[in-house]
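**Student:** build me a model:
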Amino acid sequence: MANIRNQDQTHKQLLDAGFQAFLKNGFDNTKIREICRDAHRTTGSFYQHFKSKAEILDEILEPFLHQLAAEYNEQFKIGMKKIEQQNVQQIWQQNILNMNGIIKTLNANPKYKELILFKADGSKYDRLSEILTKYFTQKIIIAIDTMQEHGIVPISFKFNYQELHFHVFAFYATFVDILKHQYSEAETIMLCNNLYTFFILVGQLG
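**Tutor:** Numbers count the residues shown, from 1 in each chain. Coordinates of the predicted model:
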């Protein structure tokens with residue numbers, strides 16, 4: 001039992017040391033020996049718990065990203081249950097493209113925000129705009145399917161996936177750029193709401 005506790009403690013110490021090292025140096029510039037030194041553990045101990053520093057980053061970020069996704073999913077599901085012809089634009093604004101909850105959760109967890117936005121270069125998370133685009137493209141496809149089921153969009157409507165991808169990327173790449181400017185929470189929310197309004201206006205002009 002004591003050995004299990006020691007293993008758990010070692011795992012946590014390496015994880016915490018990795019988190020601090022990533023925040024200090026960035027993922028790309030962090031060395032495994034530095035993590036081991038700060039955790040007061042050997043490299044042998046490190047490889048008993050992690051295959052690489054990327055595995056530490058995954059263990060740090062994946063639960064937080066799942067939390068963000070779960071919070072958004074709840075908002076999205078509510079919108080899909082309520083959507084009808086009369087409130088389509090409202091649902092898109094409040095439930096599909098509304099990033100307020102994500103902004104607030106990021107600001108409530110500043111170390112995770114710092115790591116995701118500024119310190120993940122060299123990892124699979126440094127292409128955050130592409131990650132968000134892939135995730136939200138699937139959500140928008142679900143929204144389109146739901147609107148077809150409700151007769152809001154004709155069943156015959158066929159979207160061009162490539163065009164959809166680029167439109168979604170344009171929105172979420174701009175969203176990430178707004179986040180990286182480190183505005184106040186209120187200003188960030190305002191800018192993202194204006195971003196939604198701009199995309200709607202451009203769509204109507206088109």
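**Student:** just the buried positions in stretch 145-162, please.
**Tutor:** Along stretch 145-162, these residues count as buried under the neighbour rule (16 or more other CB atoms under 10 Å): Thr146, Met147, Ile152, Val153. All C-beta atoms are positioned from the backbone trio N, CA, C, and that covers glycine.
**Student:** typo on my end, stretch 13-33
**Tutor:** For stretch 13-33, the neighbour count (16+ other CB under 10 Å) marks 13-15, 17-23, 26-27, 30, 32 as buried.
**Student:** please identify which of these is nearest to Lys139.
**Tutor:** Phe27 (27.4 Å; CB to CB).
**Student:** ok, and what's touching the helix or strand bottoming out on mean pLDDT in the chain?
**Tutor:** Lowest by mean pLDDT, DSSP states H and E among the helices and strands of the chain is helix 185-205, with a mean of 84. Residues outside helix 185-205 that contact it (CB atoms under 8 Å, 6 or more residues apart in numbering) are 89, 92-93, 97-100, 103-104, 107, 167, 170-171, 174-175, 178-179, 183.
**Student:** same question, stretch 15-34
**Tutor:** Applying CB under 8 Å, 6+ apart, the set of residues contacting stretch 15-34 from outside is 35-36, 38-39, 43, 46, 52-54, 56-57, 59-60, 111, 114-115, 118-123, 126.
**Student:** can you select the buried ones among these for me in ChimeraX?
**Tutor:** In ChimeraX syntax, the buried subset of these is picked out as below (16+ other CB under 10 Å):
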select :35,36,38,39,46,53,56,57,59,60,115,119,120,123,126
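**Student:** okay, now the domains of the chain?
**Tutor:** Annotated domains of the chain cover 1-50, 60-205 [automatic domain parsing].
**Student:** so where's the protein uncertain?
**Tutor:** 1-5, 202-206 (pLDDT under 70).
**Student:** ranges for the strands of it?
**Tutor:** With DSSP state E as the criterion, the chain has no strands.
**Student:** show me what counts as buried in the helix of greatest length in it.
**Tutor:** The residue-count maximum for a helix in the chain (DSSP state H) belongs to helix 53-82. Residues of helix 53-82 classed as buried: 53, 56-61, 64-65, 68, 72, 75-76, 79-80 (neighbour count, 16+ other CB under 10 Å).
**Student:** got it, and stretch 190-200?
**Tutor:** Neighbour-count burial for stretch 190-200 flags Leu191, Cys192, Leu195, Tyr196, Phe199 (criterion: 16+ other CB under 10 Å).
**Student:** buried residues of stretch 163-180, list them for me.
**Tutor:** Of the residues in stretch 163-180, His167, Val168, Phe169, Phe171, Tyr172, Thr174, Phe175, Val176, Ile178, Leu179 count as buried by neighbour count, 16+ other CB under 10 Å.
**Student:** could you pull out the helices for the protein?
**Tutor:** For the chain, the helices defined by DSSP H cover 2-25, 32-39, 43-49, 53-82, 88-91, 100-108, 110-118, 128-149, 161-180, 185-205.
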